[in-house]
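**Student:** kindly generate the corresponding structure for this input.
(chains A and B)
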Amino acid sequence: MIEMFGVSKVYPGGLDALKDINLKISRGEFVFIVGPSGAGKSTFIKLLFREELPTRGQIFFNGKNITRMRNRDIPFLRRRIGIVFQDFRLLPEKTAYENVAFAMEVVEASSREIRRKVPQVLERVGLSHKADAKPSELSGGEQQRVALARALVNEPDVLVADEPTGNLDPDTSWEIMKLLSDINKRGTTVVVATHARELVNAMRKRVLQLDKGRLVRDEERGVYSNEA
Amino acid sequence: MRLRTFNYFFKEAFISLIRNRWMSLASIGAVASALIILGSFLLISVNFDHILKDVESQVEITAYLEDTVDSIGITRLNSQISSISGVKEVKFISKEAALEEFKQQVGKDLLEGIDNPLPNSFRIKVDNPQNVASVAGEIQNLKGVEEVKYGKGVVEKLFNIIYWIRLLGLVIMVVFAAVSIFIISNTIRLTVFARRREINIMKYIGATDWFVRWPFLIEGMVLGFIGSAIAIGILAGGYVYLYNIVKLNIPMISLIPMEEFYNYALGFLAIGMFIGAFGSSFSIRRFLHV
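**Tutor:** Numbering: from 1, shown residues only, chains lettered A, B, ... in the order given. Presented below is the predicted three-dimensional model:
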């Protein structure tokens, strides 16, 4: 589903963010991308989103070479990828329901579809009872659930989470991870960039470790770090 | 585009219009002043054109013939004048006809009893008033022509005035349009800046550039539309007022009635909306790249 061949990214100014990455993530996998800050996790996600182009190498998504994609096709790539950020990025003046519905409005779904699917997906993340609450009235974990619902509502092929538990306490982090795992079990490929050591160690999923832009480890049922 | 999407665009546009009401008002004012100035100059120049056409139709060349020219000479001169380029119409006025005309103009027969002192003449109309002077010069050189007369200078001066009015109007209009675009683009920039998070999220969710752009374009176009509507209102009111004053006090000047300008109103709205759209597209561009 996601394939990278010899992908390097050098930012203007000479910073080597990624060096010669080769990898394959198959449909239905759950993958952690780990590594210290500055290891290239964010760049990895930006490349996947076509926010940045690789300096060298090719990236395939669903068999399509996204490095050769025209700019006008980028939105349609992004509709196949749901994303969740560390800082949730919800719209503060909209309710939980409206934040999720917004994702469907943006892709011009019909209002009937929106009315049908938003409650479904809110239920799936366990937030039906807070549908009318604004982000400021929600806890961090609840906000991240709204963000997850928003990422899922358009039924993406991949859910990408960039430090999804970075702002959450350990218990809440666990709940979010369990939710991500549930989502994965129902068929969505999940890619999580994180440095939450305990969570990675406990989940025993595939781990891709980045260090100074290089892919230094790719291990099934891995832990956060072998050295530790 | 779905209807609900369209509604969404309008809703978003109006929300931010109200959120930035002071900048919105400034933008509307700028567009209105630009268009009022454009409109005033337009009205002046169109009216001048109209008055000039009146004058033009009165401008003809009269060529008085020497008394020695006989009827063969008259026929020859007629064809010579007709063949000068730019001549539209040549009409022969015999001594007798001239006298008749003179009698009618004066109202009584002043010249009764004496020999008709008026010469034979041609009245010549040209296709373009700008050619009057050169045609007159050529006729003057023909043999048998004693004197050539025309409204020398008047036509040229009027043309000059119109030319400068139009040029001045255009220059001021361009300056004001640029100012309007600048102010609108700043207004929209505030909106875009206030909503950069939202734009960022939209782009991540997979919104197309146009989906992001439309609310801002609509916001700009609404500003331009309101501005031009105000300009049209003020211009129409002012013009009707002036029109009535002129009609009462200077009846010999015929101004174009307001109704004739209704067609321009649409053009004005279009210009206003274009200025608005242009101003806003200016400030969205760099925020779109995510």
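**Student:** which ones are touching residue 212?
**Tutor:** Using chain A. Listed by C-beta atoms under 8 Å, 6 or more residues apart in numbering or on different chains, the contact set of A:K212 reads A:16, A:19, A:38-40. In short, each C-beta sits where N, CA and C put it, glycine included.
**Student:** switch to chain B, that's the one I care about
**Tutor:** B:199, B:202-203, B:284, B:288.
**Student:** go on, B:Y204?
**Tutor:** Here B:Y204 is in contact with A:49, A:78, A:83, A:89, B:290 (criterion: C-beta under 8 Å, 6+ apart).
**Student:** so which of the contacts of B:V212 are also by chain A?
**Tutor:** Within the set of the contacts of B:V212, contact with chain A (C-beta under 8 Å from any C-beta of the partner chain) is found for B:202-203.
**Student:** looks to me like A:E198 is in a helix.
**Tutor:** Yes - applying DSSP: H, G, I helix; E, B strand; the rest coil, one finds A:E198 inside a helix.
**Student:** okay, it: pLDDT?
**Tutor:** The per-residue pLDDT reported for A:E198 equals 87.
**Student:** the one 10 residues further on too?
**Tutor:** pLDDT, A:L208: 93.
**Student:** contacts for whichever helix or strand B:Y64 is part of, please.
**Tutor:** Applying DSSP states H and E as the criterion places B:Y64 in strand B:61-65. Outside strand B:61-65, the residues that touch it by C-beta under 8 Å, 6+ apart are B:73-74, B:77, B:81, B:119-126, B:132, B:135-136, B:139-140, B:142, B:144-150.
**Student:** show me the domain layout of the chain.
**Tutor:** Defaulting to chain A. A:1-80+A:156-223, A:89-155 (automatic domain parsing).
**Student:** that's the wrong chain, I wanted chain B
**Tutor:** Using automatic domain parsing, chain B is parsed into the domains B:3-55+B:158-287, B:60-149.
**Student:** how long is the first one from one end to the other?
**Tutor:** Domain B:3-55+B:158-287 stretches 26 Å from its first residue to its last (C-alpha to C-alpha, to the nearest Å).
**Student:** check the last one too.
**Tutor:** The first and last residues of domain B:60-149 sit 8 Å apart, counting by C-alpha to C-alpha.
**Student:** low-confidence ranges, chain B, go.
**Tutor:** B:1-2, B:54-59, B:107-113, B:129, B:151-156, B:289-290 (pLDDT under 70).
**Student:** which stretches in it count as helices?
**Tutor:** B:3-19, B:21-58, B:71-82, B:95-106, B:132-140, B:154-194, B:196-205, B:209-249, B:262-284 (DSSP state H).
**Student:** mind giving me the packing neighbours of the first one?
**Tutor:** The criterion is 3 or more C-beta pairs under 8 Å, 6 or more residues apart in numbering or on different chains; DSSP states H and E, and the helices and strands that helix B:3-19 contacts are helix A:96-106, helix B:154-194, helix B:209-249.
**Student:** make a markdown table from the ones you listed and add distance to B:I61 to it.
**Tutor:** Formatted as a markdown table, the helices and strands packed on helix B:3-19 follow (distance: least, C-beta to C-beta, whole Å):
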| stretch | distance to B:I61 |
| --- | --- |
| helix A:96-106 | 73 |
| helix B:154-194 | 11 |
| helix B:209-249 | 31 |
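**Student:** which of the ones you listed is buried the deepest?
**Tutor:** Counting by mean count of other C-beta atoms under 10 Å in any protein chain shown, helix A:96-106 has the highest mean neighbour count of these, with a mean of 23.
**Student:** and that one, C-alpha only, in PDB?
**Tutor:** Taking C-alpha atoms only, helix A:96-106 is exported to PDB below (Å, rounded to 0.1, in the frame of the first residue of the first chain):
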ATOM      1  CA  ALA A  96     -17.400  17.900  18.100                       C
ATOM      2  CA  TYR A  97     -20.200  16.900  15.700                       C
ATOM      3  CA  GLU A  98     -19.500  19.900  13.500                       C
ATOM      4  CA  ASN A  99     -15.700  19.300  13.500                       C
ATOM      5  CA  VAL A 100     -16.300  15.800  12.200                       C
ATOM      6  CA  ALA A 101     -19.000  17.000   9.700                       C
ATOM      7  CA  PHE A 102     -16.600  19.600   8.500                       C
ATOM      8  CA  ALA A 103     -14.300  16.900   7.100                       C
ATOM      9  CA  MET A 104     -17.200  15.600   5.000                       C
ATOM     10  CA  GLU A 105     -18.300  19.100   3.900                       C
ATOM     11  CA  VAL A 106     -14.800  19.700   2.700                       C
END
